[in-house]
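Student: Need coordinates for the following:
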Amino acid sequence: MTTSTPKGRGGLPVRLVAVILICTLIDALLSYQVSRWAYGWLPVPASTAAPYVDGLFSLEVGIGSFIFIGCVGFILWSVIVHRAEKYDESDGLPIEGNTRLEITWTVIPFVIVMALAFYSIDVNEKLAALGPKVKYDVEGGLGPETSLVVDPHKDYGPIQVIARQWSWEFIYPNGVRSSELHLPINQRANFELSSLDVIHGFFIPAFRLKQDIVPGSVISYSITPTREGRYRLRDSQFSGAYFSHNQTVVIVDSEDDFESWLSTSSAQPLVAGLSPGTELYAQRLAQGDRGWATVPPAPPPMVNDPGNPNAPHDA
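Tutor: You can find the predicted model right below:
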């Protein structure tokens, strides 16, 4: 007398269904843990935009981990449990297409991608509400259509951000110029981004925000820092030979310290600001100007506060 293995509703053995559910639960728990670890892979969060970007990144890491762990786990299970005998050289079963399976592995990725797309759109809309960016021609200025979307409530600014090959210059409303960007904490800082030559990228990893700076245009941009400290501003666009050195520091201070810095800097004379490309280009000329051709860097900007490029920064 033979006993049949209990079947589930779909015709699968109950034991197999239980194993699949347990493995899926373990996969989900591991993926969730990896998604929590993902927060530590990013620089310190230092702006109002950071939590939204970090949440999206964590979700994407969690979904990717679930798929990766599931696939690798299934492969290992197949290799260990269903490997062929030592001298078995026979062919596998001639299994042909499974329409139900093909529909399943088409629908599931489609649903995941669409869910991520809608969530990304929602995050992008929230970031736009935190700091809208508007582009307008330098010659034409603000037109009727752009004046409707520019936020009239400015906590501080605008700060003029001038990018060039290869240095940064920041001009504050009271006329102070600096090579490092100083910002007051918990105040929405508004910028006017411009480039004097080619496309540059205004990117502060700790703030999770990046904006391309297009020559011939001025771009309105806003950031609200939420953590005091020193952070790195990088040129995220390839802008020529020394673009990787086109970096500076963003210093977030308390409101009192920021106002004190503005007052102190306004009394300082103009001096040459930070320009790493100038020194590198001089070294190139001293070595015979060999290698790929490059343009000479722009003269260092004249600023009240050149900053300290050797001071440590948080991110």
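Student: From here on, just use CA atoms for contacts and neighbour counts.
Tutor: OK.
Student: so where's this protein uncertain?
Tutor: 1-12, 131-154 (pLDDT under 70).
Student: which strand in it runs the most residues?
Tutor: Criterion DSSP state E: the longest strand present in the chain is strand 156-164.
Student: relative to strand 156-164, how tilted is the helix or strand following that one?
Tutor: The element immediately downstream of strand 156-164 (helix or strand, assigned by DSSP states H and E) is strand 167-171. Strand 167-171 runs at 160 degrees relative to strand 156-164, counting by axes from the mean of the first three to the mean of the last three Cα atoms, to 10 degrees.
Student: Who are the packing partners of strand 167-171?
Tutor: Judged by 3 or more Cα pairs under 8 Å, 6 or more residues apart in numbering; DSSP states H and E, strand 167-171 is in contact with strand 156-164, strand 177-178, strand 247-253.
Student: Apply 7 Å and report the result again.
Tutor: strand 156-164, strand 177-178 (3 or more Cα pairs under 7 Å, 6 or more residues apart in numbering; DSSP states H and E).
Student: now those as JSON lines including mean neighbour count?
Tutor: Output for these, formatted as JSON lines (neighbours: other Cα atoms under 10 Å):
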{"stretch": "strand 156-164", "mean neighbour count": "21"}
{"stretch": "strand 177-178", "mean neighbour count": "26"}
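Student: Serialize those strands to JSON lines and add fields for distance to Ala18.
Tutor: Converted to JSON lines, these look like this (distance: least, Cα to Cα, whole Å):
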{"stretch": "strand 156-164", "distance to Ala18": "60"}
{"stretch": "strand 177-178", "distance to Ala18": "65"}
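Student: Just the C-alpha atoms of stretch 48-64, please, in PDB.
Tutor: C-alpha atoms of stretch 48-64 as PDB (Å, rounded to 0.1, in the frame of the first residue of the first chain):
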ATOM      1  CA  THR A  48      16.500  68.300   4.300                       C
ATOM      2  CA  ALA A  49      16.800  66.400   1.000                       C
ATOM      3  CA  ALA A  50      19.000  63.600   2.400                       C
ATOM      4  CA  PRO A  51      16.300  61.500   4.200                       C
ATOM      5  CA  TYR A  52      14.200  61.300   1.000                       C
ATOM      6  CA  VAL A  53      17.200  60.300  -1.200                       C
ATOM      7  CA  ASP A  54      18.500  57.800   1.500                       C
ATOM      8  CA  GLY A  55      15.100  56.200   1.800                       C
ATOM      9  CA  LEU A  56      14.900  55.600  -2.000                       C
ATOM     10  CA  PHE A  57      18.400  54.300  -2.000                       C
ATOM     11  CA  SER A  58      17.700  51.900   0.900                       C
ATOM     12  CA  LEU A  59      14.500  50.600  -0.900                       C
ATOM     13  CA  GLU A  60      16.400  49.900  -4.100                       C
ATOM     14  CA  VAL A  61      19.200  48.100  -2.200                       C
ATOM     15  CA  GLY A  62      16.600  46.000  -0.300                       C
ATOM     16  CA  ILE A  63      14.800  45.000  -3.500                       C
ATOM     17  CA  GLY A  64      18.100  44.200  -5.300                       C
END
